[in-house]
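**Q** Fold the following for me, if possible:
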Amino acid sequence: MPGSADETGAASYRPLLFSIAYGMTGSVGDAEDIVQDAFLGLTRARQAGTEIADPKAYLATAVTRLGGPGDARRGQSRQARSPRTGVRCGAAADGGG
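**A** Numbers count the residues shown, from 1 in each chain. Model prediction:
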């Protein structure tokens, strides 16, 4: 697809982006979703005619924003377990209420 992230060499940033997303989420699945969404955003921007001068910076910023605390997609898994210990957190862990 013309203008796609893979065509322009941006795919080489995938390991870096994954490490950023995983560090923020503690979840492989969520990190993969965030990276994919960032690449989708880059592809859409290019198809809309936006010139991206620094794709690495664009993607890193997108991953950081997508993985931030306001991202509803991560809410349940992030609240359910601590990424460092794997121990249940919040009301569910102490019996509710």
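**Q** most residues in a single helix of the protein, which one?
**A** Determined from DSSP state H, the single longest helix within the chain is helix 28-47.
**Q** and that one, which residues are buried?
**A** 30-31, 33-35, 37-39, 41-43, 45-46 (16 or more other Cβ atoms under 10 Å). (Glycine included, C-beta is placed from N, CA and C.)
**Q** right, and the secondary structure at Gly68 would be what?
**A** coil (DSSP: H, G, I helix; E, B strand; the rest coil).
**Q** Nearest residue to it in space, please, no chain neighbours.
**A** Distance criterion Cβ to Cβ, 6 or more residues apart in numbering; nearest residue to Gly68, sequence neighbours excluded, is Met24 at 7.5 Å.
**Q** so where does the one you found fall, helix or strand?
**A** Per DSSP states H and E, Met24 falls inside helix 14-25.
**Q** circling back to that earlier point, ok, the residue nearest to Gly68 - contacts?
**A** By Cβ atoms under 8 Å, 6 or more residues apart in numbering, the contact set of Met24 is Ala31, Ile34, Thr64, Gly67, Gly68.
**Q** The fourth one and Gly29: what is the separation?
**A** What it means is Gly67. As judged by Cβ to Cβ, to the nearest Å, Gly67 and Gly29 stand 13 Å apart.
**Q** Where does the prediction get shaky in the protein?
**A** Per-residue confidence for the chain (pLDDT under 70) gives these ranges: 1-8, 70-97.
**Q** just to revisit the earlier point, quick one: buried residues of the helix holding Met24?
**A** Arg14, Leu17, Phe18, Ile20, Ala21, Tyr22, Met24, Thr25.
**Q** Hmm, the fourth one is touching Arg65, no?
**A** The reference is to Ile20. No. Counting by Cβ atoms under 8 Å, Ile20 does not reach Arg65; the two are 11.0 Å apart.
**Q** overlap in contacts of the two?
**A** In contact with both Ile20 and Arg65: no residue, using Cβ under 8 Å, 6+ apart.
**Q** Next, the angle from the helix holding Met24 to helix 28-47.
**A** 130 degrees (axes from the mean of the first three to the mean of the last three Cα atoms, to 10 degrees).
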